[in-house]
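> Quick one, fold the following:
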Amino acid sequence: MDALQLVALVAASAAIAGVARKTPVPAPLLLVAVGLAASYVPGVPDYTLDPHIVLPLILPPLLYTAAVDSSYLDLRANIRPVALLSVGYVLFATVAVGWLAYVLVPDLPLTAALVLGAVIAPPDAVAATAIARKLGLPNRITTILQGESLVNDATAITAFKVALAAAVGEGVSWAGGVGEFALAALGGIGVGLVLMVPIHWLRRGLGDSLLQNTLSLLIPFVAYAAAEEVGASGVLAVVVVGLFLGHRAWQVDFATRLQEEAVWKMVAFVLESAVFALIGLQLPYVVQGLGQYGIGEAAWYAVGVFVAVVVVRFVWVYPATFLPRLSSRVREREPGVDWRAPLVVGWAGMRGVVSLAIAFSIPVVTDGVEFPARNLVLFLTFTTVIGTLVVQGLTLPPLIRFLKLPGRDRYAETLAEAQAQSEASQAAEARLDALLADERNALPQPLADRLRTVLERRRNAVWERLGAVNEVTGETADDTYRRLSREMIDAEREVFVQLRDARRIDDEMMRTLLRRLDLEEAAAYREAVD
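The predicted model follows:
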């Protein structure tokens, strides 16, 4: 892939994802569909997934952004269901789907079938969590899906390595497989624990937002590479570091947080868009490689494997949800669930680019031993990824609406936010009174009143969202305040540009003045939701 092809891929995928944001179709599905169609358009270059690029260069930043945005406390509170899905389910799916594929496909060795099982075992919950948030699913379901996607890749990659060694005759024992899994898991967590504190200390010590964000862009790659270098799981190392830094983000200055959020949103948007487009573009390569298997025969195998993947997830999810609740301690510690929540979790088992990247990393020949049915494994992986993204991805939103799950209580959330802001404002007011009592902090009364006005505005803003709305505009008082504030800022901004154009101020001064307005506008709209 040359530079022009790469630029074309990124630009086209970003444009398609941008269009998807204006439609009810989730971006991953539209990107895959367009990629499938484009793969047979004359003149479109061949884009082949390179596992040496996807796993060390694309996976770490995507995992890092998800980990930083996750809640460590919520994940810890739901550690049992997350572990059952991200570890237990992946291992179960590896064996169950692998065995079913062995039974279904004639002449497919069991070891190769287990490799296939490991490859398609981990769901990619990027699309699922996006849909969950968009439709307002309960926080617990969203947390479980997100937590599963953070860890399950590490489990699948380790299981794949063990199954691959067995498939090429390297004589892996059960004890050896368990040992390798333990080394990868414990080693990855250990590397993350070792790195997270020094990295956080370095971020705080740099004291410059530009340098801090440069370090932020390097963190996932450093953590992943360090863990892989010692034979541990780079995925877990990245997740541990990301969770810690996200939990401690409040200790970094505001300029770094503002820049970091914008930078990583852009990085995640570009990578996710390109990745899902790449999935669709793999169709010609995968079909051409079928070789001895006819497309009709392989299609029947694909349907069988897809059904097996869907059924096996439900076979695991329902017992894993309700059997632990036979314990009174679990019932006391966790909220009650009915049949609808595991149905959503079970149906949200869409596969993604990690499965394809692992499949493409299967060597054709290892130490003179050819991997059996490699092309068929690639085809079945591709069809499973496409099938789950299209079938489950398209039907998940209507399923959620049909089940009428209790959504997030927006009123209760706003009330909790208002109470938290009120307590914080009281503490800030007490600090202000103590500071102003010291003659070293003497201020003219108008400036002191301004500080109190800003504090009062911040305290009342959330409460106003709970109050009545304007009968004419439908806005709350807070909405009207922010709209008028923006109109005033826009008027100031136009004057600054006019003064620059009239050469009464230079560009550098105009940029300084505009930045102040930008910060004020950001503060006025801090509660706005993307």
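> Flag every buried residue along stretch 178-191.
By neighbour count on 16 or more other Cβ atoms under 10 Å, the buried set for stretch 178-191 is 180-181, 183-185, 187-191. Every C-beta, even on glycine, is put in place using the N, C-alpha and C of the backbone.
> Let's see which of those end up in helices.
In this view, the buried residues of stretch 178-191 that belong to helices under DSSP state H are 180-181, 183-185, 187-191.
> mind putting the residues you listed in JSON lines, pLDDT and distance to Ala412 included?
Listed next are these as JSON lines, based on pLDDT from 0 to 100; distance: Cβ to Cβ, whole Å:
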{"residue": "Glu180", "pLDDT": "81", "distance to Ala412": "47"}
{"residue": "Phe181", "pLDDT": "83", "distance to Ala412": "42"}
{"residue": "Leu183", "pLDDT": "86", "distance to Ala412": "45"}
{"residue": "Ala184", "pLDDT": "89", "distance to Ala412": "41"}
{"residue": "Ala185", "pLDDT": "89", "distance to Ala412": "38"}
{"residue": "Gly187", "pLDDT": "94", "distance to Ala412": "42"}
{"residue": "Gly188", "pLDDT": "93", "distance to Ala412": "38"}
{"residue": "Ile189", "pLDDT": "94", "distance to Ala412": "35"}
{"residue": "Gly190", "pLDDT": "95", "distance to Ala412": "40"}
{"residue": "Val191", "pLDDT": "96", "distance to Ala412": "40"}
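> So, low pLDDT: which residues of the stretch 51-200 of the chain?
125-136, 169-176 (pLDDT under 70).
> residue ranges for the strands of the chain, please.
365-366, 369-370 (DSSP state E).
> count of residues packed around Trp201?
Per other Cβ atoms under 10 Å, the neighbour tally for Trp201 reads 10.
> Report the contact partners of the residue nearest to Ala96 when sequence neighbours are not counted.
Spatial nearest neighbour of Ala96, excluding adjacent residues (Cβ to Cβ, 6 or more residues apart in numbering): Val312 at 4.7 Å. If you count contacts by Cβ atoms under 8 Å, 6 or more residues apart in numbering, Val312 has them with 92-93, 96-97, 100.
> ok, now how distant is the residue lying farthest from the centre of the chain from Leu217?
Ranked by distance from the centre of the chain (Cα atoms, centre = their mean), the top residue is Glu439, with 50.6 Å. Noted for Glu439: a distance of 46 Å to Leu217, by Cβ to Cβ, to the nearest Å.
> if we can go back for a sec, turn the ones in helices among the buried residues of stretch 178-191 into CSV, including distance to Val54.
Formatted as CSV, these follow (distance: Cβ to Cβ, whole Å):
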residue, distance to Val54
Glu180, 22
Phe181, 22
Leu183, 23
Ala184, 19
Ala185, 22
Gly187, 22
Gly188, 18
Ile189, 23
Gly190, 25
Val191, 21
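> Just the closest of these to Arg457, please.
Ile189 (44.7 Å; Cβ to Cβ).
> Around the spatially closest residue to the closest one that is not a sequence neighbour, count how many other residues there are.
Nearest residue to Ile189 in three dimensions, chain neighbours excluded: Leu236, at 5.3 Å (Cβ to Cβ, 6+ apart). When neighbours are defined as other Cβ under 10 Å, Leu236 has 28 of them.
> Show me which of the buried residues of stretch 178-191 is closest to Thr321.
Distances from Thr321 to the buried residues of stretch 178-191, taken by Cβ to Cβ, are shortest for Ala185, at 23.5 Å.
> Please name the residues that touch the closest one.
So Ala185 contacts 154-155, 158, 233, 236 (Cβ under 8 Å, 6+ apart).
> now do 10 Å
Contacts for Ala185 (Cβ atoms under 10 Å, 6 or more residues apart in numbering) come out as 87, 151, 154-155, 158, 232-233, 235-236.
> Surely Pro138 is in contact with Gly336?
No - with contact defined as Cβ atoms under 10 Å, Pro138 does not reach Gly336; the gap is 12.0 Å.
> and the two? which has more neighbours close in?
Between Pro138 and Gly336, Pro138 has the larger neighbour count (other Cβ under 10 Å), namely 18 against 7.
> ok, the residue nearest to Ala96 to Val95 distance?
To Val95, Val312 is 9 Å away according to Cβ to Cβ.
> any common contacting residues for the two?
117, 121.
> what number of residues lie near Val90?
Val90 has 25 nearby residues by other Cβ under 10 Å.
> what's the answer for the one 5 residues further on, then?
A count of nearby residues for Val95, using other Cβ under 10 Å, gives 17.
> That one reaches Gly117, doesn't it?
Yes - using Cβ under 10 Å, Val95 makes contact with Gly117 at a distance of 6.4 Å.
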